[in-house]
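Asker: here are the coordinates; sequence isn't available:
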């Protein structure tokens, strides 16, 4: 028998705010989280792109000194978001062996890795910190969250580039369906606003070069879009069976209906231009959810603001929804946050859940002239969603041809 899985807690630290409510408010207020990088390394390395979606609140303002010293920023963001989500869920009293963490990242502890290499090169092996490996390993965020919450049913890690945290949420749903846990804390984090990824993405011509006005640089689906803006932060959701949530009197934000995960097997960085793999992920999510395409009222799209990626995603959505697509309220929130890579799907899933909970589709900023090849109902100001049962999906696609989609429903 299929169990009903629900969302009972949300947490985040993003370029828009240090908490999820602050991030959501800033999103609805059409604020931009994109700003110039003031760190001296941006100039020292002569980076061609010196703006990004930097976290609004520094972790040092939230965590203890020991925590910031012993955790890579990717784990720091994870801990902040997960703690907020856990408190938001009411800090459930759960047997540790029935609490599971499924977390994601796209890159992991790059700051720790490169700082350690600098120390080795400049000061020798004896000066390399003994915590370097635990801090740089990609499962560090999952481990930090599991130890903080006392989760002993598992501490899983997903690494599938920009699809990572959406895939992690799909996994969390499946863990609960299979009875592996009563509660799963899931999400993703990324801390890659660092000279190396910025230089590498710039070399690929993947980043926007709109240095004259960074706040408007990310403009999904716009005819003038020229690349994505790198972001950082974390998003977290607490998932549990409806039976478990009702038994403890928890507030329920939305129901998780199901998800789909596929791969393109096409190119290491470019999406399949026909969007076939991405479309299959959407279809799988709808089939797993037992809903029709016509029931989908809202989409939080991957929409990175790249010339190639946005059109490929449109083709994928068109394959699935056909003439229903222009009737779906579509939001592209990376315009406000930047692209959080492995953390993107988590914060966008959180936005999707909140959109259903408040029946408000969040706005897409900066897009003023939609590409003529793209026929969508792009939400550009906060918009009320209809009454009645509503279904929404959040889509994520990543380098390597990774595709992940998760579907939610109002309660």
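Answerer: On my side now, so go ahead. As the structure is a prediction and not an experimental result, all values here were calculated from the model.
Asker: which residues does residue 387 contact?
Answerer: Listed by Cβ atoms under 8 Å, 6 or more residues apart in numbering, the contact partners of residue 387 are residue 359. Any C-beta I mention is one placed from the backbone N, CA and C, and that applies to glycine too.
Asker: oh, I was asking about residue 318
Answerer: By Cβ under 8 Å, 6+ apart, the residues touching residue 318 are 275, 325.
Asker: could you give the number of residues near residue 37?
Answerer: Residue 37 has 19 neighbouring residues, counting by other Cβ atoms under 10 Å.
Asker: what residues does stretch 273-287 touch?
Answerer: Stretch 273-287 is contacted by residues 257-266, 271-272, 292-293, 296, 308, 311-320, 393, 395, 397, 401, 403-407 when judged by Cβ under 8 Å, 6+ apart.
Asker: point out where the protein drops to low pLDDT.
Answerer: The model of the chain has pLDDT under 70 over residues 1.
Asker: domains in it, by residue range?
Answerer: Listed by automatic domain parsing, the domain ranges of the chain are 5-247, 258-409.
Asker: the stretch 301-411 of the chain: helices as residue ranges?
Answerer: Using DSSP state H, counting those that start in this stretch, the helices of the stretch 301-411 of the chain run over residues 307-321, 334-337, 344-358.
Asker: residue 255 bridge partners, please.
Answerer: residue 6, residue 409 (DSSP bridges).
Asker: in contact with it, which residues are there?
Answerer: Taking Cβ under 8 Å, 6+ apart as the criterion, residue 255 is in contact with 4, 5, 6, 7, 242, 408, 409, 410, 411.
Asker: reformat the residues you listed as a markdown table; add distance to residue 214.
Answerer: Listed next are the contacts of residue 255 as a markdown table, based on distance: Cβ to Cβ, whole Å:
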| residue | distance to residue 214 |
| --- | --- |
| 4 | 43 |
| 5 | 39 |
| 6 | 38 |
| 7 | 33 |
| 242 | 43 |
| 408 | 32 |
| 409 | 37 |
| 410 | 36 |
| 411 | 38 |
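Asker: return the member of these nearest to residue 385.
Answerer: Closest to residue 385 out of the contacts of residue 255 is residue 410 (8.6 Å), distances taken as Cβ to Cβ.
Asker: count of residues packed around that closest one?
Answerer: 19.
Asker: how long is stretch 254-272 end to end?
Answerer: Start and end residues of stretch 254-272 are separated by 32 Å (Cα to Cα, to the nearest Å).
Asker: can you give me the strands for the stretch 201-350 of the chain?
Answerer: Assigned strands in the stretch 201-350 of the chain, in chain order: 233-241, 254-263, 296-300, 329-331 (criterion: DSSP state E, counting those that start in this stretch).
Asker: out of those, which one sits most buried?
Answerer: strand 233-241 (a mean of 31; mean count of other Cβ atoms under 10 Å).
Asker: other SSEs contacting that one?
Answerer: Identification of packing neighbours for strand 233-241 by 3 or more Cβ pairs under 8 Å, 6 or more residues apart in numbering; DSSP states H and E yields strand 5-13, helix 73-88, helix 164-177, strand 183-190, helix 344-358.
Asker: what pairs with that strand, parallel or antiparallel?
Answerer: Each strand paired with strand 233-241, and its direction, by DSSP bridges: strand 5-13 (antiparallel), strand 183-190 (antiparallel).
Asker: which SSE is the closest residue to residue 138 other than its chain neighbours in?
Answerer: Spatial nearest neighbour of residue 138, chain neighbours left out: residue 108 (3.5 Å); criterion: Cβ to Cβ, 6 or more residues apart in numbering. Under the criterion of DSSP states H and E, residue 108 resides outside all helices and strands.
Asker: how much space between residue 108 and residue 31?
Answerer: As for residue 108, its distance to residue 31 is 29 Å (criterion: Cβ to Cβ, to the nearest Å).
Asker: what about those two, which has more around it?
Answerer: residue 108 (25 against 17).
Asker: the more buried one: what's it in contact with?
Answerer: Going by Cβ under 8 Å, 6+ apart, residue 108 touches 72, 74, 136, 137, 138, 140, 159.
Asker: for residue 376, which residues are in contact?
Answerer: Neighbouring residues of residue 376 by Cβ under 8 Å, 6+ apart: 221, 314, 317, 325, 326, 328, 330, 370.
Asker: what about 7 Å?
Answerer: Counting by Cβ atoms under 7 Å, 6 or more residues apart in numbering, residue 376 touches 221, 314, 325, 326, 330, 370.
Asker: could you give the number of residues near the second one?
Answerer: Spelled out, that is residue 314. Counted with other Cβ under 10 Å, residue 314 comes out at 22.
Asker: so what touches stretch 190-201?
Answerer: Outside stretch 190-201, the residues that touch it by Cβ under 7 Å, 6+ apart are 37, 41, 45, 47, 49, 52, 54, 72-74, 77, 105-107, 110-111, 114, 207, 230, 232, 340-343.
Asker: returning to that earlier point: in TSV: the strands paired with strand 233-241, plus distance to residue 211 and mean neighbour count.
Answerer: Shown next, in TSV, are these (distance: least, Cβ to Cβ, whole Å; neighbours: other Cβ atoms under 10 Å):
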stretch	distance to residue 211	mean neighbour count
strand 5-13	26	28
strand 183-190	22	34
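Asker: nearest to residue 380, out of these?
Answerer: Checking the strands paired with strand 233-241 against residue 380 by Cβ to Cβ gives strand 5-13 as the closest, at 22.7 Å.
Asker: tell me which helix or strand comes right after that closest one.
Answerer: Counting by DSSP H and E, the next helix or strand C-terminal to strand 5-13 is helix 20-28.
Asker: list of residues touching that following helix?
Answerer: Helix 20-28 has contacts (Cβ under 7 Å, 6+ apart) with 10-12, 14, 16-17, 84, 333, 336, 350-351, 354, 362, 382.
Asker: do that again at 6 Å, thanks
Answerer: Residues outside helix 20-28 that contact it (Cβ atoms under 6 Å, 6 or more residues apart in numbering): 10, 11, 12, 14, 16, 17, 336, 354, 362, 382.
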